[in-house]
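[1] prediction below, plus the sequence it came from.
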Amino acid sequence: MDECPRCGSPLERLSLGDVETIACNRCGFADVPVDHESEERDLESWRDAFERFYEQSDTA
């Protein structure tokens, strides 16, 4: 990979010890692996949130 996949500029190879990555000085692209998946959460309704709030404030 010699050119940035975002902007086409030349990529710079960076290393620190045994770790090496590539980056683009023009657009900031960095070849850093990320995990974009997350666990699905149960969302709390506004009614439940207010009830929880009032229950906790009554005991304080």
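    It's in. Residues are numbered from 1 along each chain as shown.
[2] and Arg13, what element?
    strand 12-16 (DSSP states H and E).
[3] can you show me the CA trace of that strand as PDB?
    What follows is strand 12-16, C-alpha atoms only, in PDB (Å, rounded to 0.1, in the frame of the first residue of the first chain):
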ATOM      1  CA  GLU A  12       4.400   7.200   5.600                       C
ATOM      2  CA  ARG A  13       5.600   4.100   7.500                       C
ATOM      3  CA  LEU A  14       6.000   4.600  11.200                       C
ATOM      4  CA  SER A  15       7.500   2.200  13.700                       C
ATOM      5  CA  LEU A  16       8.200   2.100  17.400                       C
END
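[4] and it, which strands flank it?
    Paired with strand 12-16 in the same sheet, following DSSP bridges, are strand 19-23 (antiparallel).
[5] how distant is the strand it pairs with from the center of its chain?
    Taking CA atoms, centre = their mean, to the nearest Å, one finds the center of strand 19-23 at 18 Å from the center of the full chain.
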